[in-house]
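Colleague: Task: produce atomic coordinates for the following.
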Amino acid sequence: MELADKIIELRKKQGYSQEELANQLGVSRQSVSKWEAGQSTPELERLIEMADLFHVSLDELIRGQTTVSTNELDPITLRHTIRQAMGYEYKSKLHIGKIPLVHINFGYGYRVAKGIFAFGNIAIGAFAIGGLSCGGIALGGLGLGLFVLAGLAAGFAAHGGVAFGIFALGGFALGVYSFGGVALGAQLAVGGFAKGYIAIGAEAQGTHVLKVIESTTSSQIFEFIRQWNSQLPSWLIHLFSMFK
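Modeller: Okay, here's the model as predicted:
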């Protein structure tokens with residue numbers, strides 16, 4: 001069976017349209033159409049991704065063979081076999097729109113998980129956990145999203161060794177409202193070293209400064225913040241005033 005025919009067969013077996021397959025592989029629908037028409041051949045990385053997606057070996061995808069003697073493994077099949085052995089992938093059949101509800105993709109090499117719930121070397125989803133994560137709620141070594149917990153975190157509410165966000169909490173924190181060892185905040189900064197419009201810390205620089213000493217209480221910090229920014233909700237002021 002020709003590669004073009006095999007792609008059509010496996011795509012339909014999985015219930016994908018050309019556009020859905022293209023989205024899964026990160027290519028255009030026109031590319032998939034050309035593959036299936038035999039007008040072009042997918043690159044090696046796309047072949048590997050399709051084999052993973054269709055849960056077949058490269059030999060079955062390229063040659064139409066379901067079994068291959070280990071003595072006859074070509075470099076492409078060997079690479080794919082090693083990649084499968086050193087990783088794990090699961091993708092739920094339940095989709096929301098074109099996105100799987102759950103996609104897990106961990107292991108050797110460049111592995112991307114895309115789903116509502118995504119867990120992978122690289123994870124992209126509403127809830128994402130990975131070495132590199134991007135999502136509404138993101139956890140990982142490097143995180144980008146709305147609510148982020150990561151070594152390096154960037155988002156609306158970010159917590160990490162280094163954090164950037166509207167609300168930033170970290171060893172080094174930069175944001176509108178920042179709390180950290182070193183805190184730089186446009187409106188409020190609380191930390192060992194703090195710099196901002198309202199700055200509270202052992203070392204502090206700003207328009208309104210409260211230098212914290214051993215006898216400084218949480219109540220004093222609360223009242224100081226309230227004095228210069230009465231628009232902040234009380235729960236948030238209490239959170240920042242926990243620093244001593």
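
Colleague: Just checking, which helix or strand of the protein averages the lowest pLDDT?
Modeller: Of all the helices and strands that make up the chain, helix 75-85 has the lowest average by mean pLDDT, DSSP states H and E, namely a mean of 58.

Colleague: tell me what the longest strand that the chain contains is packed against?
Modeller: In the chain, taking DSSP state E as the definition, the longest strand is strand 117-211. If contacts are counted by 3 or more Cβ pairs under 8 Å, 6 or more residues apart in numbering; DSSP states H and E, strand 117-211 sits against strand 102-107, strand 112-114, helix 218-228, helix 234-240. Glycine gets a C-beta too; all of them are placed from N, C-alpha and C.

Colleague: Tell me which of these lies nearest to Phe179.
Modeller: helix 234-240 (6.1 Å; Cβ to Cβ).

Colleague: can you give me the mean pLDDT across that closest one?
Modeller: On average, the pLDDT along helix 234-240 is 82.

Colleague: List the buried residues in it.
Modeller: For helix 234-240, the neighbour count (16 or more other Cβ atoms under 10 Å) marks 237, 239-240 as buried.

Colleague: swap in stretch 139-146?
Modeller: Under the neighbour-count criterion of 16+ other Cβ under 10 Å, stretch 139-146 has 139-140, 142-145 buried.

Colleague: got a markdown table for those residues, with distance to Ala204 and pLDDT too?
Modeller: Putting those into a markdown table (distance: Cβ to Cβ, whole Å; pLDDT from 0 to 100) gives the following:
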| residue | distance to Ala204 | pLDDT |
| --- | --- | --- |
| Leu139 | 31 | 94 |
| Gly140 | 32 | 92 |
| Leu142 | 30 | 93 |
| Gly143 | 28 | 95 |
| Leu144 | 30 | 94 |
| Gly145 | 30 | 94 |
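
Colleague: circling back to that earlier point, can you name the element that comes right after the least confident helix or strand of the chain?
Modeller: strand 87-91 (DSSP states H and E).

Colleague: angle of the longest strand of the chain against strand 87-91?
Modeller: 100 degrees (axes from the mean of the first three to the mean of the last three Cα atoms, to 10 degrees).

Colleague: Quick one, grab the pLDDT at Gly175.
Modeller: So, for Gly175, pLDDT stands at 95.

Colleague: Tell me, how many residues neighbour it?
Modeller: Using other Cβ atoms under 10 Å, the number of residues around Gly175 comes to 28.

Colleague: With Leu25 instead?
Modeller: 17.

Colleague: How about the contacts made by it?
Modeller: 32, 46, 49-50, 53 (Cβ atoms under 8 Å, 6 or more residues apart in numbering).
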